[in-house]
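Colleague: Attaching a predicted model along with its sequence, questions to come.
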Amino acid sequence: MHEPKFKRVILKVSGEALAGDNDYGIDQKTINLIAMQVKDVVKLGVEMAIVVGGGNIWRGVSGSSKGMDRATADYMGMLATVINALALQDALEAVSVDTRVQTAIEMRQIAEPYIRRRAIRHLEKGRTVIFAGGTGNPYFSTDTTAALRAAEIEAEVILMAKKVDGVYDCDPVKNPAAKKFSDLDYIDVLNRGLGVMDSTATSLCMDNKIPLIVFNINQHGNILKAVLGEKIGTYVGR
Ligand code: UDP
C-alpha cells in the first residue's frame with residue numbers, strides 16, 4: 001500500500017450525496033458505504049474532518065423563494081446539516097470509527113460546540129470530526145464552511161464528494177457530449193461559473209491556496225484513491 005499523500009483532509013459530503021438515488025432524505029445504504037470508505041482512510045492514519053451539507057432535507061434558497069424570510073430559511077438549513085451529521089456519526093461509529101460532532105450553533109445536549117483547537121486535538125488523537133451547522137451564519141453555504149474550516153484547521157485539500165465523477169463544461173446528465181476537466185484553475189471555475197462550489201467558497205479556497213479534488217463518492221474506494229494521490233475526478237488549484 002502507498003503512503004498517503006495528505007496528512008489532514010476535509011471531506012465535503014453534500015446532502016444530495018447522502019440521499020443516494022432518492023431526491024431527499026437519508027439513504028442508509030449510501031451512508032453506510034460512505035462510512036466504510038472513511039474508515040479505510042482513517043486506518044491509514046490520515047486525519048479527516050467532514051463537513052456535511054443539508055440540501056437533502058432543506059435549502060434556504062428554496063424556502064425563501066416561497067416567501068419565507070431568508071435568514072430563517074437558512075437557519076433551518078443549518079439545522080438540517082445537524083440531522084445529517086448525527087446520521088453520519090452513527091454510521092461511522094457502527095464501523096468503529098471514533099467520531100465527534102461539532103456544531104457552529106450550540107446544541108450541547110447532542111454535540112460539542114465548534115472549538116477550533118479542540119477539533120484539531122480530536123484529529124491528532126485519530127478521531128474523525130464532523131462539522132455541522134455550516135458556518136453558523138445565514139447567506140452562506142456548507143461549501144463555504146468546508147473552505148473556512150479547511151483554512152482554520154490547516155487541511156491540505158478539500159475532497160468534494162459528488163454524485164458525478166468530476167467537473168464538466170455542462171451538465172453531463174442533460175448533455176452526453178459534456179467534456180470533463182482533469183485540472184482547473186480556481187479563476188476558471190469563477191469565470192466560467194462552473195458548478196463546483198459557490199463563488200464565495202471558491203474565492204476563499206483561491207485566497208488561501210486550498211486545492212479541491214472533485215470526485216464521485218458512489219464509486220467505492222474513491223476517497224482512498226484521492227488520499228493516496230491517485231488521479232481521480234477533477235483537480236482544482238493554482
Ligand atoms: N446554510 C447557511 N449557512 C451556512 C451553511 C448552510 O445558511 O454556513 C444553510 C443554507 O440555507 C443552505 C442549507 O443550510 O441551503 C444547507 O446547506 P447546503 O445547501 O450548503 O447543503 P448541500 O448543498 O451541501 O447539501
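Modeller: Cool, got the structure.
Colleague: the strands in the chain, which residues?
Modeller: 8-13, 47-52, 99-103, 112-113, 128-132, 157-162, 167-168, 180-181, 183-185, 212-216, 234-237 (DSSP state E).
Colleague: quick check: angle from the third one to strand 47-52?
Modeller: With axes from the mean of the first three to the mean of the last three CA atoms, to 10 degrees defining the directions, strand 99-103 sits at 50 degrees from strand 47-52.
Colleague: Go through the chain and flag its longest helix.
Modeller: Assignment by DSSP state H gives helix 70-94 as the longest helix of the chain.
Colleague: Please save the CA atoms from stretch 91-104 in PDB.
Modeller: Listed next in PDB are the C-alpha coordinates belonging to stretch 91-104 (Å, rounded to 0.1, in the frame of the first residue of the first chain):
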ATOM      1  CA  ALA A  91     -22.900   5.100  10.700                       C
ATOM      2  CA  LEU A  92     -19.200   5.800  11.400                       C
ATOM      3  CA  GLU A  93     -19.400   4.600  15.000                       C
ATOM      4  CA  ALA A  94     -21.200   1.400  13.700                       C
ATOM      5  CA  VAL A  95     -17.900   0.600  11.900                       C
ATOM      6  CA  SER A  96     -15.800   1.600  14.900                       C
ATOM      7  CA  VAL A  97     -14.600   5.000  13.700                       C
ATOM      8  CA  ASP A  98     -14.200   7.200  16.700                       C
ATOM      9  CA  THR A  99     -16.200  10.400  15.900                       C
ATOM     10  CA  ARG A 100     -17.100  13.800  17.300                       C
ATOM     11  CA  VAL A 101     -19.700  16.200  16.000                       C
ATOM     12  CA  GLN A 102     -19.100  19.900  16.500                       C
ATOM     13  CA  THR A 103     -21.800  22.400  15.700                       C
ATOM     14  CA  ALA A 104     -21.400  26.000  14.700                       C
END
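Colleague: ok, and what's touching that stretch?
Modeller: Applying CB atoms under 8 Å, 6 or more residues apart in numbering, the set of residues contacting stretch 91-104 from outside is 28, 31-32, 34-36, 38-39, 42, 78, 82, 85-86, 88-89, 110-115, 118-119, 122, 125-136, 145. All C-beta atoms are positioned from the backbone trio N, CA, C, and that covers glycine.
Colleague: Of the residues you listed, which ones also sit close to the ligand?
Modeller: Here is what survives when the contacts of stretch 91-104 are matched to the ligand using CB under 6 Å from any ligand atom: M78, G134, T135, T145.
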